[in-house]
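> the sequence and its predicted three-dimensional model are supplied below.
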Number of protein chains: 2
Amino acid sequence: MARRTKAEAQETRAQILDAAEQVFYRKGVLSASLNDIASEAGVTRGAIYWHFKNKHDVFMAMADRRRLPMEALAQRGEDSNEPDPLGRLREFMVYLLQQVARDPHQRRVFEIMFQKCEFTGENEALLVRQREACREAVQGLSTTFRNAVARGQLPLNLDIGKAVTLFHSLLTGLVMYWLFDPQAFDLEACAGEYVDTYLHGLSATPFLRHSP
Amino acid sequence: MARRTKAEAQETRAQILDAAEQVFYRKGVLSASLNDIASEAGVTRGAIYWHFKNKHDVFMAMADRRRLPMEALAQRGEDSNEPDPLGRLREFMVYLLQQVARDPHQRRVFEIMFQKCEFTGENEALLVRQREACREAVQGLSTTFRNAVARGQLPLNLDIGKAVTLFHSLLTGLVMYWLFDPQAFDLEACAGEYVDTYLHGLSATPFLRHSP
DNA sequence: ATATATACATTCATCCATGTATGTATAGGG
DNA sequence: CCCTATACATACATGGATGAATGTATATAT
């Protein structure tokens, strides 16, 4: 086999990333060899080295590809014209949780990140990137929360920073716990209930308030 | 150097585990070689192979050693004579969170488990063990919650299973988020507030209730 | 006091993953 | 129609980690 057309080349690139996702999931990122990925993709290591610099490069590309398509959903609450920012927030949370429970792709990528990856050496770059992405998300969420306060959906003296921290912790914790032990509880069915408990708490709790 | 006394041998064993903790933290479990651990401990690989079967064995031993000394604290709420099970629960939660924030050892071990370890191949055994330990903990916590209900500290129709799931998710999420980005929030200072929000929510929320 | 098991250190053989260098057939531009 | 960059496959050199084998000096039991 030799030179393919450009479209075909992009196809093999995608196949390599698909294969990487599978192999990373089965063997872990560090334990997976480029040979494993190559044979899973039906190519040789040469193909991988043509499209990517090394395994780390493959890993970054794989992580990038499944960039949550949820950002759009999340940002709907940031619009100050949105009459129901809290509703959008709820939608987003439930959707995220159920998506993890339903979509095997999402689940695999999360599982790779949480359980099959060492964030060390080169890979620490990914941690840094995710940290930055997370901080941006926190900014956006803060806006949504402020909108909800302005619309009277949340108390005026709510400590938004702490609310966002709890938001993030709840989602992270539920996803991690469920990936850790899927039989422990039914994430898809109960997502709404957990989210509602959190949201209701924001209004009902005497905590999470500004001091003055 | 040659044969040491039994006490000295136990000392070198401990040194090896200390070194493993350091090296695992710096390089990740899989990336760390037994040479790294040996030189960090001031011994040769021979010593490690004497005390342990292989790297995986070292890893398991390390994980075992720092078995949370919190179990005792957690179990205080399981005693049906305890007049304030909810108080013990709160104590435990706050203690756990603050311990992670304060004790570098605890923090390192958690960070190794969450960020510097691939749960794959041999290491999956650890996941299984932790899952079992977690399920036992869930049993104990359920007892504590039932005691709290019996004492009138929590509503009668509280869905204890879901309450425990939220409990676990909240702690996991807060610890993970903070280890992921320690500058995002002050875990030590705010631990109590987050815990109180959760506990208050258990009573105040209309959710997490049994259907009948 | 001696023998033996112990607690390591040292050495060796092997394997496997990586990176690179080289080969090669073809797509696509001039 | 030809040339060259492309899209891989193949071959090779290297290094580092593992596990086992062997060496060795000394606790310790008898």
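Right, received. Where do you want to start?
> what's the distance between the nearest residue to residue A:54 once chain neighbours are set aside and residue B:110?
Nearest non-adjacent residue to residue A:54, counting by C-beta to C-beta, 6 or more residues apart in numbering or on different chains: residue A:34, 8.0 Å away. Bear in mind the C-beta positions are built from the backbone N, C-alpha and C, glycine included. For residue A:34, the distance to residue B:110 under the criterion C-beta to C-beta, to the nearest Å works out to 31 Å.
> how many neighbours does the residue nearest to residue A:54 have?
Look at residue A:34: counted by other C-beta atoms under 10 Å in any protein chain shown, it has 19 neighbours.
> check the one 10 residues further on too.
Using other C-beta under 10 Å, residue A:44 is surrounded by 14 other residues.
> so who does the residue lying closest to it once chain neighbours are set aside touch?
Leaving out its chain neighbours, the residue that sits closest to residue A:44 by C-beta to C-beta, 6+ apart is residue A:38, at 5.4 Å. Shown in contact with residue A:38 (C-beta atoms under 8 Å, 6 or more residues apart in numbering or on different chains): A:16, A:19, A:44-45, A:47-48.
> restrict the residues you listed to those near DNA strand C?
residue A:45 (C-beta under 7 Å from any atom of the strand).
> what are the buried residues along stretch A:111-118?
Across stretch A:111-118, burial judged by 16 or more other C-beta atoms under 10 Å in any protein chain shown covers A:111-118.
> which single one of those residues is nearest to DNA strand C?
DNA strand C has its nearest neighbour among the buried residues of stretch A:111-118 in residue A:118, at 13.1 Å by C-beta to the nearest atom of the strand.
> count of neighbours near the nearest residue to that closest one once chain neighbours are set aside?
Spatial nearest neighbour of residue A:118, chain neighbours left out: residue B:28 (3.5 Å); criterion: C-beta to C-beta, 6+ apart. Residue neighbour count, defined by other C-beta under 10 Å, stands at 22 for residue B:28.
> starting from residue B:55, give me the distance back to residue B:28.
12 Å.
> cool, and residue A:161?
When C-beta to C-beta is the yardstick, residue A:161 and residue B:55 sit 42 Å from each other.
> picking that back up, surely the residue nearest to residue A:118 touches residue A:28?
No: using C-beta atoms under 8 Å as the test, residue B:28 is too far from residue A:28 to be in contact (10.7 Å).
> domain map for chain A?
For chain A, automatic domain parsing gives the domain ranges A:6-64, A:68-204.
> so for the first one, mean pLDDT?
Within the predicted structure, the mean pLDDT of domain A:6-64 is 94.
> and it, how far out from the chain's middle?
Domain A:6-64 has its C-alpha centroid displaced from the chain centroid by 21 Å (C-alpha atoms, centre = their mean, to the nearest Å).
> kindly provide the distance from residue A:64 to residue A:52.
Distance of residue A:64 to residue A:52, computed by C-beta to C-beta: 12 Å.
> could you do residue A:153 as well?
Plainly put, residue A:153 is 47 Å away from residue A:52 if you go by C-beta to C-beta.
> who has more neighbours out of the two?
Between residue A:153 and residue A:52, residue A:52 has the larger neighbour count (other C-beta under 10 Å), namely 21 against 18.
> what is the strand or helix carrying residue A:50 packed up against?
Applying DSSP states H and E as the criterion places residue A:50 in helix A:45-51. Other helices and strands packing on helix A:45-51, by 3 or more C-beta pairs under 8 Å, 6 or more residues apart in numbering or on different chains; DSSP states H and E, are helix A:6-27, helix A:34-41.
> hang on, the earlier thing: the domains of chain A into TSV, with extra columns for distance to residue B:143?
Compiled in TSV, those are given as follows (distance: least, C-beta to C-beta, whole Å):
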stretch	distance to residue B:143
domain A:6-64	37
domain A:68-204	17
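> show residues contacting stretch A:159-171.
Taking C-beta under 8 Å, 6+ apart as the criterion, the residues outside stretch A:159-171 that touch it are A:93, A:96-97, A:134, A:138, A:141-142, A:145-146, A:149, A:154, A:194-195, A:198, A:202, A:208-210, B:169-170, B:173-174, B:176-177, B:184-185, B:190, B:193-194, B:197.
> err, stretch A:130-149, not the other one
For stretch A:130-149, contacts defined as C-beta under 8 Å, 6+ apart pick out A:74-75, A:77-80, A:82, A:85-86, A:88-89, A:154-156, A:158, A:160-161, A:163-164, A:167-168, B:180-181, B:184.
> rerun at 6 Å
Outside stretch A:130-149, the residues within contact range by C-beta atoms under 6 Å, 6 or more residues apart in numbering or on different chains are A:77-78, A:80, A:85-86, A:89, A:154, A:160, A:163-164, B:181.
> which two among these are spaced furthest apart?
Using C-beta to C-beta, the two most remote members of these are A:80 and B:181, lying 27.3 Å apart.
> higher neighbour count, these two?
Set residue A:80 next to residue B:181 and count neighbours by other C-beta under 10 Å: residue B:181 wins out with 17 against 12.
> and the helices in chain A?
Secondary structure of chain A (DSSP state H): helices located at A:6-27, A:34-41, A:45-51, A:55-65, A:71-75, A:85-102, A:104-115, A:124-150, A:160-180, A:187-204.
> and the third one, what's buried?
Judged by neighbour count using 16+ other C-beta under 10 Å, the buried positions of helix A:45-51 are A:47-48, A:51.
> using CSV, list the CA coordinates for the least confident helix or strand in chain A by mean pLDDT.
Here the helix or strand of chain A ranked lowest by mean pLDDT, DSSP states H and E is helix A:71-75, holding a mean of 74. The C-alpha trace of helix A:71-75 is given here as CSV (Å, rounded to 0.1, in the frame of the first residue of the first chain):
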residue,chain,number,x,y,z
GLU,A,71,-20.2,24.0,26.0
ALA,A,72,-22.9,25.4,23.9
LEU,A,73,-25.5,24.0,26.3
ALA,A,74,-23.6,25.4,29.2
GLN,A,75,-23.3,28.9,27.7
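> buried ones in it?
Of the residues in helix A:71-75, those buried by neighbour count under the rule 16+ other C-beta under 10 Å are A:74-75.
> enumerate the residues of chain A near chain B.
By C-beta under 6 Å from any C-beta of the partner chain, the part of chain A that sits against chain B consists of A:27-28, A:30-31, A:115-116, A:118-120, A:131, A:165, A:168-170, A:172-174, A:176-177, A:181, A:185, A:193, A:196-197, A:200-201, A:204-205, A:207-208.
> for residue A:93, which non-adjacent residue is spatially closest?
Using C-beta to C-beta, 6+ apart, the closest residue to residue A:93 is residue A:195 (4.5 Å).
> touching, that neighbour and residue A:95? I think so.
No: taking contact to mean C-beta atoms under 6 Å, the distance of 10.0 Å between residue A:195 and residue A:95 leaves them out of contact.
> I appreciate the help and will end here.
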